[in-house]
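**Q** Predicted model follows, preceded by the sequence.
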Amino acid sequence: MTDQPTAPIIRTPVIVLTGFLGSGKTTLLNQILAQNATGSRRLAVIENEFGAISIDTALIIGADEDVVEMKNGCMCCTVRRDLINILSDLADKGQSYDAILIETTGLANPSPIAQTFMGVQKLWTHYELQGIVTVVDAVHIDLDLERHPVTQDQVAFANLLVLNKADLVSTADLDRLEIRLRAMNSESEVLHTSHGQIDSEWIFGLSGFDSSKGLRADPTFETPDYPYKWVGVYQFAAGEYNVALHASGTPHVSELVLITSISEANDELLDSILDQSMHQFFAKEERFASGELITPAPIVWQTDLSENQVAFRMSIANDGLYALFLQHVPETLSITPQDLSGQKAVVLTPLLRRSWESRYSEDSSITSVAIAAKGALDIDRLNDYFQFVRFNDAHEFLRMKGVLHVQGSDCRFIFQGVHTLAHGSYTEPWGETEPYNHFVIIGRNLNREQLTHTFLSCIA
C-alpha cells in the first residue's frame, strides 16, 4: 500500500505597498480596491499605522475586503510579530485569498518585512512575497531623499515604483525624477500617475521578490536582525525577584521578555541559543500587567510600558543560570531578590551581557500626536488650526490626516496634509455611526499639549 500524494500548498501572493509619509499609499490602495469592486479577487488588507489611533483604515473607501490593523508604525519586532501572527492565523483557519495587500506606515523600511517572509518557515510555506510597490511623491521626493534615509530604502527595494502626483510637477521634473529613481533602482518599472490611478494589473502581475534583489538593495539583507536587542545571563537562586525596567530610545508601547535556562555563561553557548530565542520571540505572547509574576518558560511575555517603564516580579523555581532577553536595550534595569530578611537590597549584575542596534531603527526625532475627541468642530477655527500646524516655526510638520466631525454637516470631513500641501473634503454620511474626531500629526519637535489643546478649542 502506498501513501496518497499530498496536494501541494498553493501560496497566497502578498503585495507590500510602501512609500514615505503622504506619498499616496492609501489613495493607491483605494484605486486597487475600486477596480476590484465586482469581487473578481478575494483580497485581505493589512494596515500598519504610525500613531495611537487609526486613520488609514477609515480612509479605505467602500472596502468589502477583510481589513486588519497593526498600530505601531515601524516594522520593528512588535509589528513584525503582529504580521506573523495575523498571517499565521489566516493560514491556520484555512482562509483563502487571491492576494493580501499590506500598506505600511510611511516610516517603515521594507527590508525587515521582506526578511520576515523569507526567514519564517510558516510564512514562506503559505505565502509568496509577490512584490514591493513604492509610491513616490513627485512633489517632495527630492526633499524626502535628502532628509529621510528610509526613503532611499523604500525606492531601492521596490519591484514597482509609482511616481504619484504627476499632475503637480512639470514634465521636465518628471523626466528628471525618473532618471534619479532609475539610478537608485534600475530593475524597477516606473509608472507616472496622479491620485494613484493605475491599472491594478500592474500590481497583481508582479513576478515576485527574491533575496538577490534584497542583497543588491542591502548587502546585510540575509544577516539576522534579532527581534530582541539585549540579553543578560544571570546566576539566580530559587525565589522571587523584583524587576524594574526603563527601556531606552523613543517611546515604546510595550516590552517583550523571554527567560530561559542556560547551562553555562559563555559566548559560545549564548551564540548557539540566539536563533532559537529569535523563533520564540516571534511566537504568540503571554500578556502580563505591571506588578504581576512571570516565570522562565519557552514563551515570550509581553507587558505595556508607561513612559518606557514597567515593574514586575519574576519567580525562579531552581537555582541556576538564566538568560534574560529584552526587546529593547534597557536604560536602567534593576533585579533584586524579594526576600532579603531585612538585609539591604542588592541589585544583581549579569555575568554576561550583549546588546544590538537594529539595522532598521526608526528616526527617533520623528514623533506623532494622536487626538481623539467628540463634538462638532467649527470650520473657521479648524482652518486656522490647520494653518497653525503647517506653518508654525516651532516644529517641523511632515504629515497630518484626520476623520473629522464638522458642525453643520452630516458627512465625514477627511483632511490630508503633507509638507505645504493640504486638502480636505466631505465624503460619506456618518449614518448610524456616532460622529467622532480622529486626528494625527507626524513631525519633529511637536508640542503635544499645545497641539491637543488648540485642536480641542475648535469644538463649537
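**A** Looks like it came in fine. Numbers count the residues shown, from 1 in each chain.

**Q** Report all helices and strands that the helix or strand where residue 231 lies contacts.
**A** Element membership for residue 231, per DSSP states H and E: strand 230-236. Strand 230-236 makes packing contacts with helix 267-281, strand 320-326, strand 330-337, strand 352-355 when contacts are defined by 3 or more CB pairs under 8 Å, 6 or more residues apart in numbering; DSSP states H and E. The C-beta positions use only the backbone N, C-alpha and C, and glycine is treated the same way.

**Q** for these, which one sits closest to residue 382?
**A** Checking the helices and strands packed on strand 230-236 against residue 382 by CB to CB gives strand 330-337 as the closest, at 39.4 Å.

**Q** Thought residue 302 was touching residue 310, still the case?
**A** No. Checked against CB atoms under 8 Å, the pair residue 310 and residue 302 is beyond contact range at 10.6 Å.

**Q** Need the residues touching each of the two.
**A** Residues touching both residue 310 and residue 302 by CB atoms under 8 Å, 6 or more residues apart in numbering: residue 255.

**Q** Going along the chain, name the strands of the stretch 101-250 of the chain.
**A** Here the stretch 101-250 of the chain has its strands, by DSSP state E, counting those that start in this stretch, at 127-137, 160-164, 189-192, 230-236, 239-247.

**Q** Return the list of helices and strands in contact with the shortest one.
**A** Just to be clear, that refers to strand 189-192. For strand 189-192, the packing partners by 3+ CB pairs under 8 Å, 6+ apart are strand 160-164, helix 171-184.

**Q** 10 Å instead, please
**A** strand 127-137, strand 160-164, helix 171-184 (3 or more CB pairs under 10 Å, 6 or more residues apart in numbering; DSSP states H and E).

**Q** Convert the C-alpha atoms of the last one to PDB, please.
**A** I take that to be helix 171-184. Included here for helix 171-184 are C-alpha records, laid out as PDB according to Å, rounded to 0.1, in the frame of the first residue of the first chain:
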ATOM      1  CA  THR A 171       7.100  67.200 -17.500                       C
ATOM      2  CA  ALA A 172      10.800  68.200 -17.200                       C
ATOM      3  CA  ASP A 173      10.700  67.500 -13.500                       C
ATOM      4  CA  LEU A 174       9.000  64.100 -14.000                       C
ATOM      5  CA  ASP A 175      11.700  63.100 -16.500                       C
ATOM      6  CA  ARG A 176      14.500  64.200 -14.100                       C
ATOM      7  CA  LEU A 177      12.900  62.300 -11.200                       C
ATOM      8  CA  GLU A 178      12.500  59.200 -13.300                       C
ATOM      9  CA  ILE A 179      16.200  59.300 -14.100                       C
ATOM     10  CA  ARG A 180      17.100  59.700 -10.500                       C
ATOM     11  CA  LEU A 181      14.900  56.900  -9.400                       C
ATOM     12  CA  ARG A 182      16.200  54.500 -12.100                       C
ATOM     13  CA  ALA A 183      19.800  55.400 -10.900                       C
ATOM     14  CA  MET A 184      18.800  54.100  -7.500                       C
END
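
**Q** wait, which of the helices and strands packed on strand 189-192 is closest to residue 349?
**A** strand 127-137 (43.1 Å).

**Q** what pLDDT, on average, does the closest one get?
**A** Mean pLDDT, strand 127-137: 94.

**Q** Can you give the strand pairings for that strand, parallel or anti for each?
**A** If you go by DSSP bridges, strand 127-137 pairs up with strand 12-18 (parallel), strand 160-164 (parallel).

**Q** Can you get me a residue count around residue 231?
**A** The burial count assigned to residue 231 is 23, neighbours taken as other CB atoms under 10 Å.
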